[in-house]
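Visitor: A predicted structure for the sequence below; I have some questions about it.
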Amino acid sequence: QVQLVESGGGLVQAGDSLRLSCAASGRTFSSYDMGWFRQAPGKEREFVAAIRRSTSTYYADSVKGRFTISRDNAKNTVYLQMNSLKPEDTAVYYCAADRGSRWYLSSTPHEYDYWGQGTQVTVSS
């Protein structure tokens, strides 16, 4: 069992930066692939970024070049650095953990086993 707690959300202006953190419980954090997803009001949850146990990464086209996912296995924490934020980035951001031994990094929410409670990011224009 893994518990995930996100932090770092807030209200910013377009063009600003934010760094989200996701702290995980448990001693097996380094064995999980980790992902960030987001959900805007009235929309489905969408993939943002993922990072493999080996630290290879995968991004949604909408955030590529602006967002960076990273992890610190010693701190059981995964990060999402968000730069050049846009109003369309406004959403609740969720951290997720995938314990499956996949050969690929998943962008599909149902393939993730554990979820945090989410943190709100609001970008004003």
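Guide: All right, it came through fine.
Visitor: Report the rounded mean pLDDT for stretch 79-90.
Guide: Averaging pLDDT along stretch 79-90 yields 98.
Visitor: Name the residues of it that are buried.
Guide: Tyr79, Leu80, Met82, Leu85, Asp89, Thr90 (16 or more other C-beta atoms under 10 Å). Glycine gets a C-beta too; all of them are placed from N, C-alpha and C.
Visitor: quick one: pLDDT of the residue nearest to Pro109 when sequence neighbours are not counted?
Guide: Using C-beta to C-beta, 6 or more residues apart in numbering and skipping the chain neighbours, the partner closest in space to Pro109 is Arg45 (5.2 Å). pLDDT for Arg45: 97.
Visitor: cool, the one 5 residues further on as well?
Guide: Here, the pLDDT recorded for Ala50 equals 97.
Visitor: which ones are touching it?
Guide: Ala50 is in contact with Asp33, Met34, Gly35, Trp36, Thr57, Tyr58, Ile69, Asp98, Leu105, Ser106, Ser107, counting by C-beta atoms under 8 Å, 6 or more residues apart in numbering.
Visitor: burial of the first one, as a residue count?
Guide: If you count neighbours by other C-beta atoms under 10 Å, Asp33 ends up with 25.
Visitor: Distance of it relative to Lys64?
Guide: 18 Å (C-beta to C-beta, to the nearest Å).
Visitor: that older thread, count of residues packed around the residue nearest to Pro109?
Guide: Count around Arg45 with other C-beta under 10 Å applied: 17.
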